[in-house]
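1. Show me how the following folds:
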Amino acid sequence: MTTTHNTDGWQAVVQLHRDLGRALPLGEMEDSTWLFEQAATTELRRAAAAVPGATPGRLRIDLANPDAAGAPAVAAPPGALPPGPLRIDGEFAALPGEPLPALSDQLRHVMFACAADRQGLRVTEVNLRVTALLESGDVPPVTSTPVGVLTASPDGDAAFTAVAVPGVAHLTRTLGSPVTERRGHLRIEFATAAGHHPLHVARAVRTAVTATLTSDATVTVLITAMNVTA
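-> Purely as a prediction, here's the structure:
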């Protein structure tokens, strides 16, 4: 019985990590911040859904040029993409009669703006393709259920400092603990609250936590979800 329970728990963790996707570099190299792909694509789909005549489908975010990616300024989260410009590859369905080139241009513009202005992602390419034509008046609503990340209560000075920063909704523990410390380096993970720019919150958290540490300590931030409401 115990073996089965442990196996089920391990499988749930593996599935959670698959759902969250890769950790994407957020901001500049010196920001030492990453954002899970699922959180980013959820916001991109919401923004794209506002374009009349189109329904966004699958979205994938990857490095625009893997060979030109830089080395992280500090230790990156396990499996994270290295710092570098990003590319969005996506699909969408359109209503018959819609001018597809113009529709694609609108969607690209909206996604570029959402990535830069609402998230802080350095997106340099958006590649879209039409995968279906919808019946007139039969545009399905865009639904995107956020992945339920594992929340955690603060424990320790760094955790209490981080959770007190405006814009931090709560700490999370998708990688085992909300605060991981190893050899003078801390990794802090949390979800950001609705109405707060994730990169601005991450910078504030890094500044606040770094101020409580020794001068040679470093801090990495991992954002697991955005726009979390109370």
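2. Could you count how many residues lie near Leu134?
-> Around Leu134 there are 16 other residues, counting by other C-beta atoms under 10 Å. C-betas here are computed from N, CA, C, even on glycine.
3. Please read the previous query as pertaining to Ser153.
-> By other C-beta under 10 Å, the residues close to Ser153 number 11.
4. same thing with Ser32?
-> Applying the criterion other C-beta under 10 Å, we find 25 residues in the vicinity of Ser32.
5. for it, phi and psi?
-> When quoted as degrees, to the nearest 10, the phi and psi of Ser32 stand at phi 50, psi 50.
6. wait, doesn't it sit right on Val209?
-> No. With contacts defined as C-beta atoms under 8 Å, Ser32 does not count as touching Val209, sitting 11.3 Å away.
7. Below-threshold pLDDT in this structure: ranges please.
-> Along the chain, the parts satisfying pLDDT under 70 run over 1-18, 136-149, 230.
8. Which parts of it are strands?
-> Secondary structure of the chain by DSSP state E: the strands cover 23-26, 33-36, 54-63, 86-94, 123-133, 151-152, 168-172, 179-182, 185-193, 218-228.
9. As CSV, those with distance to Ala159 would be great.
-> Compiled in CSV, those are given as follows (distance: least, C-beta to C-beta, whole Å):
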stretch, distance to Ala159
strand 23-26, 20
strand 33-36, 17
strand 54-63, 29
strand 86-94, 29
strand 123-133, 31
strand 151-152, 8
strand 168-172, 6
strand 179-182, 5
strand 185-193, 8
strand 218-228, 12
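10. Quickly compare those strands and say which is most buried.
-> With neighbours defined as mean count of other C-beta atoms under 10 Å, the strands of the chain peak in mean count at strand 33-36, which reaches a mean of 28.
11. partner strands of it, parallel or antiparallel?
-> Within its sheet, strand 33-36 is paired with strand 23-26 (antiparallel), strand 218-228 (parallel), according to DSSP bridges.
12. As JSON lines, those strands with distance to Val165 would be great.
-> Listed next are the strands paired with strand 33-36 as JSON lines, based on distance: least, C-beta to C-beta, whole Å:
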{"stretch": "strand 23-26", "distance to Val165": "16"}
{"stretch": "strand 218-228", "distance to Val165": "11"}
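13. so which of these gets nearest Arg203?
-> strand 218-228 (8.3 Å; C-beta to C-beta).
14. Just want the angle from the closest one to strand 185-193.
-> Regarding strand 218-228 and strand 185-193, their directions subtend 10 degrees when assessed with axes from the mean of the first three to the mean of the last three C-alpha atoms, to 10 degrees.
15. okay, strand 218-228 in CSV with CA atoms only?
-> C-alpha atoms of strand 218-228 as CSV (Å, rounded to 0.1, in the frame of the first residue of the first chain):
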residue,chain,number,x,y,z
THR,A,218,23.3,35.1,-4.9
VAL,A,219,19.6,34.7,-5.5
THR,A,220,17.6,33.1,-8.3
VAL,A,221,13.8,33.7,-8.7
LEU,A,222,11.4,31.2,-10.2
ILE,A,223,7.8,32.4,-10.9
THR,A,224,5.4,29.5,-11.1
ALA,A,225,2.1,31.4,-11.8
MET,A,226,0.9,34.9,-12.6
ASN,A,227,-2.2,37.0,-11.9
VAL,A,228,-3.2,34.9,-8.9
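16. How far away from the center of its chain is it?
-> 8 Å (C-alpha atoms, centre = their mean, to the nearest Å).
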